[in-house]
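Asks: Model the following, please.
(2 chains, ligands or ions: 3)
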Amino acid sequence: MVNVFIEKENKNVKAEARTVKELLEKLNINPETVLVTRDNELILLNEKLNNKDEIKLLSVISGG
Amino acid sequence: MTCKNCIGKPVIQLTNNNVKLCKNHFIKYFEKKVKKTIIKFNLIEKDDKTCVAISGGKDSIAVLNVLSKIKGKDKKFRIEAILIDEGIKDYRDKAMKDAASFCERNNIKLNIFSYKEEFGYTLDEILKKLKIMPCSICGTLRRYLLNKKARELGFTKLATGHNMDDEAQSILMNQLRNNMKVNARLGPINGIKKDSGFVKRIKPLYLMTEKEVASYVFLKGFNVRFAECPYSDVGYRSEVRDLLNNFESKYHGTKDSIVNSFLEILPMLKEKYKEESSLKYCSLCGEPTSKEKCQACVYVKKLTD
Ligand code: SF4
Ligand SMILES: [Zn+2]
Ligand SMILES: [Zn+2]
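Replies: Residues are numbered from 1 along each chain as shown, chains lettered A, B, ... in the order given. Ligands and ions are numbered 1, 2, ... in the order given. Next comes the predicted model:
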C-alpha cells in the first residue's frame, strides 16, 4: 500500500501499485496532468513503489 | 536507468523523444530551449524593452526567471514585470504576494495595475453587477490594460506565459469551431504593425509543455501555488485539454505535432486575414481596436449605465 496525497482535491488516498504508472492508472489520472513526487523529489512513471511510500501528486494545470 | 547526459538519477522523461534527464540537465535543457525559441522566432530584438505579464502562476514565473537570466549577462537587455490585479478575493491577492516577493528577490521592477483603479470596480464587484461570463469580460479588460500600460511605460514587447499546451488547445478549439480567423492571431509572436498602439506579444514558452514548465518551477523551488481561479470556466477548453492529454500519453509528441504543423500554415493564415484585422481607434478611449468602440469600453459602459 502506498499513501497518496492528491493536491488538487486536497485529499489522501491509499492504493496498491508496484509502479507510478500503475498507480496513476488505478487512480485514473493522466500522467500529463501531474507531477509525481516522493520525498519532495520528482519520480518517473516506471519508478518502483514500495510499501508505505508517501506519494504526492501535484497538478500541473494552473488556471487564470 | 540514468540521465542521458550523466550518471544522475532522471527526474523527467520528455514526451516528444523519450529522453530522460536528471535535475541539473533538465534545468539546462529547459533554459536553453526557451532561449532557442526566442532566437528562432526572433521574439526579442536588440533594442527591445520587454515586460513580462505575470500572474503569480507557474508559467509567468518561469518566463520571468529565464528572461532575467538572459538579461544577467547583457546590460542593454531591459526587463520588468507587469501584473494586473483583477480583484478576485482569496485568489489573486495570494498569487500577487508570491509574484511580488519573486520580483523583489530577483531585483525586477514590478508594475501593478488594478481593475478597481482603472475601471472603478474589482472583478468580484463587476460580476455582482453584470450577468456575464467571467472569463470573457476579465480577459478583455486584462488584455486592454496590459497593452495600454505596457505601451505607456515604453515597452516594445509583452511576454506572456503561454505554453505549448495552451497553444495546441487554442489551435484545435478554433479548428473544431471553424474559427480560423482567430487562429491567424496565434503563434509565438503577434501584433500588427509597429506604431499601431499595439505592443507585440511574445510567448517564450511556446515550445515547452505544461508539464515541463511545472517541472522546471518545481525543481527550481519557486514558491507558486497551483491554484485555479474560482471563476475559471474552461468547459470546452478543458475537454480539449483532456483529449490532447489522452492522445499525448498514448501517442507521444502529439502536442508538438499540432503546434509545428500549425506553424507551417500560419504565414498563409496571416496573409489571408490581413485585411480583416485592419486597425481603427476606439471612439471613446482612443485605444487600438477593430471596431468603432473597443470591447473594454463596451463593458465599462454597461457597468456605469
Ligand atoms: S480564469 Fe477567467 S476570471 Fe479567472 S483570472 Fe482568468 S480570465 Fe479572469
Ligand atoms: Zn544529468
Ligand atoms: Zn475604448
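
Asks: From ligand 1, how far out is the most centrally placed residue in chain A?
Replies: When chain A is reduced to its mean C-alpha position, the closest residue under Cα atoms, centre = their mean turns out to be residue A:57, at 4.2 Å. From residue A:57 across to ligand 1, the span is 22 Å (Cβ to the nearest ligand atom, to the nearest Å). All C-beta spots, glycine's among them, are computed from the backbone N, C-alpha and C.

Asks: and if you look at residue B:264?
Replies: Counting by Cβ to the nearest ligand atom, the gap between residue B:264 and ligand 1 amounts to 30 Å.

Asks: Pick out the residue of the stretch 51-200 of chain B closest to ligand 3.
Replies: residue B:144 (7.6 Å; Cβ to the ion).

Asks: In terms of pLDDT, where does that residue sit?
Replies: The score at residue B:144 is 96. That number is its pLDDT.

Asks: What of residue B:290?
Replies: 81.

Asks: Tell me, how many residues neighbour residue 44?
Replies: Answering for chain A, as no chain was given. Burial of residue A:44 is recorded as 17 neighbouring residues (other Cβ atoms under 10 Å in any protein chain shown).

Asks: wrong chain, I was asking about chain B
Replies: By the criterion of other Cβ under 10 Å, residue B:44 has 22 neighbours.

Asks: What residues does it make contact with?
Replies: B:38, B:50, B:77, B:157, B:202 (Cβ atoms under 8 Å, 6 or more residues apart in numbering or on different chains).

Asks: now residue B:165
Replies: If you count contacts by Cβ under 8 Å, 6+ apart, residue B:165 has them with B:209, B:210, B:241, B:244, B:255.

Asks: ok, and the closest non-adjacent residue to the residue of the stretch 101-250 of chain B found nearest ligand 2?
Replies: Using Cβ to the ion, the closest approach of the stretch 101-250 of chain B to ligand 2 is made by residue B:219 at 12.3 Å. Distances taken as Cβ to Cβ, 6 or more residues apart in numbering or on different chains put residue B:23 closest to residue B:219, at 5.4 Å, once the chain neighbours are dropped.

Asks: do residue B:35 as well
Replies: Nearest-residue entry for residue B:35: residue B:70, 6.3 Å, with adjacent residues in sequence omitted and distances by Cβ to Cβ, 6+ apart.

Asks: just checking, that neighbour touches residue B:36?
Replies: No: counting by Cβ atoms under 8 Å, residue B:70 stays clear of residue B:36, with 11.5 Å between them.

Asks: Mind checking which of these two has more residues around it?
Replies: For residue B:70 and residue B:36, the more surrounded residue by other Cβ under 10 Å is residue B:70, and the numbers stand at 17 against 11.

Asks: Which pLDDT value goes with that one?
Replies: At residue B:70, the pLDDT value in this model is 83.

Asks: contacting residues for it?
Replies: Listed by Cβ under 8 Å, 6+ apart, the contact set of residue B:70 reads B:35, B:38, B:77.

Asks: out of those, which is most surrounded?
Replies: Busiest of the contacts of residue B:70 [other Cβ under 10 Å] is residue B:38, holding 23 neighbours.

Asks: isn't there a helix covering that residue?
Replies: Yes: residue assignment for residue B:38, taken from DSSP: H, G, I helix; E, B strand; the rest coil, places it within a helix.

Asks: is it true that it touches residue B:203?
Replies: No: shown here, residue B:38 and residue B:203 do not form a contact pair, counting by Cβ under 8 Å, at 10.0 Å.

Asks: that older thread, give the burial count for the residue of the stretch 101-250 of chain B closest to ligand 2, as a bare number.
Replies: Here the number of neighbours of residue B:219 (other Cβ under 10 Å) works out to 19.

Asks: That one and residue B:65: what is the separation?
Replies: If you measure residue B:219 against residue B:65 using Cβ to Cβ, to the nearest Å, the figure is 12 Å.

Asks: now swap in residue B:217 and tell me
Replies: Using Cβ to Cβ, which is the criterion applied here, residue B:217 is 8 Å from residue B:65.

Asks: The stretch 101-250 of chain B: strands as residue ranges?
Replies: Using DSSP state E, counting those that start in this stretch, the strands found in the stretch 101-250 of chain B span residues B:110-114, B:157-159, B:189-190, B:200-202.

Asks: Cool, thanks, talk later.
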